[in-house]
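> Fold the following.
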Amino acid sequence: MPEVRPEILKLVSFCSDLEINAIPEARLADYTTFRLGGKCRCLCHCRFPDQVEDLIRFLSANEMPFIMIGGGSNLLVSDNGVECVVIRYWTDVPHIELRATTLKVTAATQLDDVVLFSAEHGLAGLNFLSGIYGTVGGAIVGNAGAFGRQIGECLSSVDVTDSHGHSQAVASEQLEFGYRDSALKMDGRVVLEAVFTLVHGDRNELLKKRNEFLALRREKHPDLKRLPSAGSFFKNIIPDASGSKRQAAGWFLEQVGAKDLRVNSAAVFERHANIIVKKEEDCSSQDVFDLSQLMAERVKKSFGLGLAREVRLVGYFKGDNPSAPLIR
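Numbers count the residues shown, from 1 in each chain. As a prediction, this is how the structure comes out:
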């Protein structure tokens, strides 16, 4: 076992005082739904906003670079891992505060736990997000959505912190939401908590509709325990004409025979042409990256369309831009 660097030992000691679980040389494959990825210098698992703020201040003061992850559901981490600290802001215990029709939620809370909570309390507005993996924070940064709607539509405000641990409240209008995008993705601010403003609805109808959404996802998406994945790999196509609907990337991939494609143990999911799955344990992140490149090349050749990734890359891959940001 390699010797732990002095600065990491100092970090582990700091985290211990804050009840943050710090794991030197953590294998990131254990913290993503793709079950892929190499090691980081240290993984620090935070559950509460104040832990994140204090930790970021420490890392900034000690000039230790870091990246943030949540549930790891929309990431493809390099086989070589990353030479930095990883803050994992995630909890399996929901932290939700209800006031009339408003929910205040920690960004570490799993998104589907919030959706279920709102339906059980007869609050409408989040049901379309049923079954989507990941945390509230990750969903906001990527403006997650389904069925033509996006999380930014029902968000009132967020508490964020910057790379030095300076925090502020920001109205949703200032987050520059776009399709699977937000200002947060570009500027690196971290979501600590979020406030959603919902409306009253019929509890039974909401739960019934939620079950329908879940059934649809089960039909089209893999069981992550059996076939690890990161969900839809490419964004849908934004049309040129104003008022037109986005076109499903999966349709174009289906037309070019993507479901028959495979690179070693990475394969396109048999029921959804826009999802890549890890078929065997010997699958590598590079296999997935290479397969995604092949899929995009086929669509480009046949339709002249450039597919944009929805899944974010972490670390470096052969065939990618060597000067690309660490997480993109």
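> roughly how far is stretch 313-328 from the heart of the chain?
Offset of stretch 313-328 from its chain centre (CA atoms, centre = their mean, to the nearest Å): 17 Å.
> Same question for that stretch: list its buried residues.
For stretch 313-328, burial by neighbour count (16 or more other CB atoms under 10 Å) applies to 313, 314, 315, 316, 317, 327. From N, CA and C alone the C-beta is placed, and that goes for glycine too.
> got JSON lines for those residues, with pLDDT, distance to residue 279 and secondary structure too?
Formatted as JSON lines, those follow (pLDDT from 0 to 100; distance: CB to CB, whole Å; DSSP: H, G, I helix; E, B strand; the rest coil):
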{"residue": "313", "pLDDT": "96", "distance to residue 279": "20", "secondary structure": "strand"}
{"residue": "314", "pLDDT": "96", "distance to residue 279": "21", "secondary structure": "strand"}
{"residue": "315", "pLDDT": "94", "distance to residue 279": "22", "secondary structure": "coil"}
{"residue": "316", "pLDDT": "94", "distance to residue 279": "24", "secondary structure": "coil"}
{"residue": "317", "pLDDT": "95", "distance to residue 279": "19", "secondary structure": "coil"}
{"residue": "327", "pLDDT": "84", "distance to residue 279": "26", "secondary structure": "strand"}
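> Turn those into JSON lines, including distance to residue 82.
Converted to JSON lines, those look like this (distance: CB to CB, whole Å):
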{"residue": "313", "distance to residue 82": "11"}
{"residue": "314", "distance to residue 82": "6"}
{"residue": "315", "distance to residue 82": "5"}
{"residue": "316", "distance to residue 82": "9"}
{"residue": "317", "distance to residue 82": "12"}
{"residue": "327", "distance to residue 82": "8"}
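> and of those residues, the nearest to residue 186?
For those, the closest approach to residue 186 (CB to CB) belongs to residue 327, at 11.4 Å.
> Distance check, residue 321 against residue 75.
Going from residue 321 to residue 75 by CB to CB, to the nearest Å gives 18 Å.
> ok, now residue 142?
In terms of CB to CB, residue 142 sits 11 Å off from residue 75.
> Give me the common contacts of the two.
Residues touching both residue 142 and residue 75 (CB atoms under 8 Å, 6 or more residues apart in numbering): residue 312.
> Of the two, which one has the most company?
Taking neighbours as other CB atoms under 10 Å, residue 142 and residue 75 compare with residue 75 leading, 26 against 21.
> Would you agree that one is in contact with residue 32?
Yes. With contact defined as CB atoms under 8 Å, residue 75 reaches residue 32; the gap is 5.3 Å.
> list residues touching both of the two?
Listed as contacting both residue 75 and residue 32 by CB under 8 Å, 6+ apart are 69, 230.
> what ranges of the stretch 151-300 of the chain fall below the confidence cut-off?
For the stretch 151-300 of the chain, residues meeting the criterion pLDDT under 70 lie at 240-244.
> let's see it at 80
For the stretch 151-300 of the chain, the stretches with pLDDT under 80 are 238-246.
> how many neighbours does residue 32 have?
21.
> Against residue 28, how distant is the residue lying closest to it once chain neighbours are set aside?
Nearest non-adjacent residue to residue 32, counting by CB to CB, 6 or more residues apart in numbering: residue 72, 3.5 Å away. Distance, residue 72 to residue 28, using CB to CB: 8 Å.
> Ok, residue 51 next?
From residue 51 to residue 28 the distance is 20 Å (CB to CB).
> Looking at these two, which one has more neighbours?
Applying other CB under 10 Å to residue 51 and residue 28 shows that residue 28 carries more neighbours, namely 27 against 20.
> dump the residue contacts of that one.
When contacts are counted by CB under 8 Å, 6+ apart, residue 28 touches 37, 38, 39, 40, 43, 72, 77, 81, 82, 86, 314.
> mind putting these in JSON lines, distance to residue 254 and secondary structure included?
Below are the contacts of residue 28 laid out as JSON lines (distance: CB to CB, whole Å; DSSP: H, G, I helix; E, B strand; the rest coil):
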{"residue": "37", "distance to residue 254": "28", "secondary structure": "coil"}
{"residue": "38", "distance to residue 254": "33", "secondary structure": "coil"}
{"residue": "39", "distance to residue 254": "37", "secondary structure": "strand"}
{"residue": "40", "distance to residue 254": "36", "secondary structure": "coil"}
{"residue": "43", "distance to residue 254": "38", "secondary structure": "strand"}
{"residue": "72", "distance to residue 254": "27", "secondary structure": "coil"}
{"residue": "77", "distance to residue 254": "28", "secondary structure": "strand"}
{"residue": "81", "distance to residue 254": "34", "secondary structure": "coil"}
{"residue": "82", "distance to residue 254": "34", "secondary structure": "coil"}
{"residue": "86", "distance to residue 254": "35", "secondary structure": "strand"}
{"residue": "314", "distance to residue 254": "28", "secondary structure": "strand"}
